[in-house]
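[1] got a structure for you, letters missing:
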DNA sequence: TTGAAAGCGCTAACAG
DNA sequence: CTGTTAGCGCTTTCAA
């Protein structure tokens, strides 16, 4: 940690150019209001001194900035980076900048970044909440920060949200597996404090119940410690150790499915004859795996784009957008190439 | 874009609690210097008013903050997110926060984010330069911002850098392909303005020359528009259209290799008998693909961790760290499972 | 067109 | 232990 440096300020520039600070500020913000001659002098001074505006001071006066923040569960998950990309693209059009952070599903980390963003006066935040409790987000909203819930429907009217129907996604996967004759399904899921996970669980059970099965019998749900390949690996090991082993495996995301496939291969369990596998998100590599992965596709880019839309909207009234997912069937369930 | 909101300030809190602003500041920063009774009163006021510190003002006084910025080429590339993860982990230990941005290999975008970071007084920046010219980074350094070059060796002594030996990586891939009898290699590379790409090209050619081949004959280099799966797909189509088709394909990263494999499969070109494929980065999914991918592994997490180390170092003297890559051989070159 | 000066919200030095 | 106050760098009236 180096010692605090003394940055050159607007008054250094003013002195150098032989003008007042007000004039420097003018060439910076309203160049037309200043004589070309003096402007050139000031610009020369800026160049020589390598002057860079102090954003904090600027913002302190202005109150807020053209920056938005996003907090997702895991930047290492392609699903979230694709969503972030959608956000960035939309923000870019409006001249806004995105600050991206990852909560790692930890509410404290989420809170920390949210606070950082708020303290620095962002226009708004888009967040995939790490927990079911959104009161802190409502508070944030009440303090004048635009809040858009990402990837999950808002439990409260006042917060905007852009989501994908998670019950439908899980139900589609369930229907497909039932079609193929599977009657016991293991679900490698995240904790139900994450709404998407709770919804997918509900969707899965509802679909099974509709088909005349007892969900408590038909579904073995395992809660993953981490929603990535390592989590999927550990979860799959647990499934394999089960006495009455299910014949199909639904994974909370494709990263977990990757871990599952790896584990099944190591255990010499053929896919799908020994165990059918369904992922979630349909990330880029899903189609290219050793066993191409059946997965629930979500409109990632549009999700992010739309969220940024709501963030930037002139009308502060909250909106709630829900997209529909789509099951993409591949060899990990059908065995067909 | 909502209108500027009036945030509640420290003086609002002071008024409410019936104390001075100095006292409020004290309970915020040095709680021990204030009587428990008044502290409670102030804390109550903070709670009632939902007060949130104004970071800009705070920082304006302090001069700089415990935040670092990182600009990578593409956040959607797992290689970079893994590096970012290494950075974050190290920064976290020191109580620092990371602001992550993606330049998309565009120098203007890189400059924009760098400026944003600098204006907001970050302690330092870690950047994977989008161009070969680093004078703007030297200037940044001269202005007192810590600069660490990520994933490429510094061309100037004064800038710290953390890199992986790109010539060695490409050379290892070349040696492996030569061993297998390949004498013509297509290289799906990025523009040479990106140093890593230039170095890998040089390493590849040098290795071939050392083995007695004429690099101009043995290597067909194709420059990708985008360093991802789409780029790899387009590049591979070009390779397949070549009159004297090479027998091996080296890709600038695993994303491009993913696109290559997809394209080869669509064209019914068997891997590796019709075309051997080597990736770069050895990302998580490389081992799980339909044809497990031979790839050059880089120590991503350590790379980021080390970069953050340099950023945080007490000693401002520049260091230059180079890691060695490691070729991981899989079926996409050997055909063995 | 340019300059002088107030003030954004906060922290820290100094008085009381 | 608490209050007063200067000042961080900038933008923006208001005067000249």
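    Now that the structure is in, tell me what you want to look at. Keep in mind that what you see is a predicted model, and the values were worked out from it rather than measured.

[2] Residue A:249 belongs to a strand, doesn't it?
    Yes: using DSSP: H, G, I helix; E, B strand; the rest coil, the assignment for residue A:249 is a strand.

[3] Secondary structure element for the residue lying closest to residue A:222 once chain neighbours are set aside, which one?
    Spatially, and ignoring its direct neighbours in sequence, residue A:222 is nearest to residue A:235 (4.9 Å; Cβ to Cβ, 6 or more residues apart in numbering or on different chains). C-beta here means a position set from N, CA and C on the backbone, and glycine is covered the same way. Per DSSP states H and E, residue A:235 falls inside helix A:229-241.

[4] where's residue A:69, which helix or strand?
    Going by DSSP H and E, residue A:69 is part of strand A:67-72.

[5] so what does the helix or strand following that strand touch, helix or strand wise?
    Where DSSP H and E defines the elements, the next helix or strand beyond strand A:67-72 is helix A:78-93. Applying 3 or more Cβ pairs under 8 Å, 6 or more residues apart in numbering or on different chains; DSSP states H and E, one finds that helix A:78-93 makes contact with strand A:67-72, strand A:97-102, helix A:254-266, helix A:300-312.

[6] Helix A:78-93 - what's its average pLDDT?
    Averaged across helix A:78-93, the pLDDT comes to 93.

[7] who touches it?
    With Cβ atoms under 8 Å, 6 or more residues apart in numbering or on different chains as the test, helix A:78-93 has contacts from A:68, A:70, A:72-75, A:97-98, A:100, A:102, A:126, A:128, A:150-151, A:253-255, A:281, A:283-285, A:298, A:300-309, A:311-312, B:75-76, B:78, B:81, B:102.

[8] And stretch A:164-181, by the same measure?
    Outside stretch A:164-181, the residues within contact range by Cβ under 8 Å, 6+ apart are A:151-152, A:185, A:195-196, A:199-204, A:206-208, A:211, A:213, A:248, A:250, A:272, A:276, A:278, A:280, A:294, A:296, A:298-299, A:303, A:322-327, A:329, A:333-334.

[9] in that stretch, what counts as buried?
    For stretch A:164-181, a neighbour-count test (16 or more other Cβ atoms under 10 Å in any protein chain shown) marks A:164-174, A:176-178, A:180 as buried.

[10] of these, closest to chain B?
    Distance to chain B, by Cβ to the nearest Cβ, is smallest for residue A:164 among the buried residues of stretch A:164-181, at 19.0 Å.

[11] near chain B, which of the contacts of stretch A:164-181 show up?
    Checked against chain B using Cβ under 8 Å from any Cβ of the partner chain, these give no members in range.

[12] from these, which ones fall inside strands?
    Judged by DSSP state E, the subset of the contacts of stretch A:164-181 located in strands is A:185, A:248, A:250, A:276, A:278, A:280, A:294, A:296, A:322-323, A:326-327.

[13] Whether stretch A:18-35 contacts chain B - can you check?
    No: taking Cβ under 8 Å from any Cβ as the criterion, stretch A:18-35 and chain B are apart, separated by no less than 12.0 Å.

[14] is it true that residue A:192 touches residue A:201?
    Yes: between residue A:192 and residue A:201 there is a contact under Cβ atoms under 8 Å: 6.6 Å.

[15] higher neighbour count, these two?
    Ranked by neighbour count (other Cβ atoms under 10 Å in any protein chain shown), residue A:192 and residue A:201 place residue A:201 first, with 23 against 16.

[16] returning to what we had before: now, which of the buried residues of stretch A:164-181 sits nearest residue B:140?
    Set against residue B:140, the nearest of those by Cβ to Cβ is residue A:164 (40.8 Å).

[17] Angles on the backbone of the closest one, please.
    Reported as degrees, to the nearest 10, the phi and psi values for residue A:164 are phi -120, psi 140.

[18] Return the members of the ones in strands among the contacts of stretch A:164-181 classed as buried.
    By 16+ other Cβ under 10 Å, the ones in strands among the contacts of stretch A:164-181 give A:185, A:248, A:250, A:276, A:278, A:280, A:294, A:296, A:323, A:327 as buried.

[19] Turn those into CSV, columns for pLDDT.
    What follows is those, written out as CSV (pLDDT from 0 to 100):
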residue, pLDDT
A:185, 98
A:248, 98
A:250, 98
A:276, 98
A:278, 98
A:280, 98
A:294, 98
A:296, 98
A:323, 98
A:327, 98
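
[20] out of those, which one sits closest to DNA strand D?
    Taking Cβ to the nearest atom of the strand as the measure, DNA strand D lies nearest residue A:323 of those, at 39.3 Å.

[21] May I have the distance across stretch A:100-110, first residue to last?
    End-to-end distance for stretch A:100-110: 11 Å, by Cα to Cα, to the nearest Å.

[22] now do stretch A:123-131
    End residues of stretch A:123-131 are separated by 23 Å (Cα to Cα).

[23] So is it next to chain B?
    Yes: shown here: stretch A:123-131 in contact with chain B (Cβ under 8 Å from any Cβ) through residue A:123.

[24] from the chain's centre, how far out does that stretch sit?
    Mean-position distance between stretch A:123-131 and its chain equals 9 Å (Cα atoms, centre = their mean, to the nearest Å).

[25] circling back: is the residue nearest to residue A:222 in contact with residue A:260, as I believe?
    Yes: Residue A:235 is within contact range of residue A:260, at 7.2 Å (criterion: Cβ under 8 Å).

[26] For DNA strand C, what's the nearest residue on the stretch 101-250 of chain A?
    residue A:119 (8.5 Å).

[27] Nearest spatial neighbour of that residue, chain-adjacent residues omitted?
    Using Cβ to Cβ, 6+ apart, the closest residue to residue A:119 is residue B:55 (3.2 Å).

[28] what's near enough to touch that neighbour?
    By Cβ under 8 Å, 6+ apart, residue B:55 lies in contact with A:56, A:116, A:119-121, B:65.
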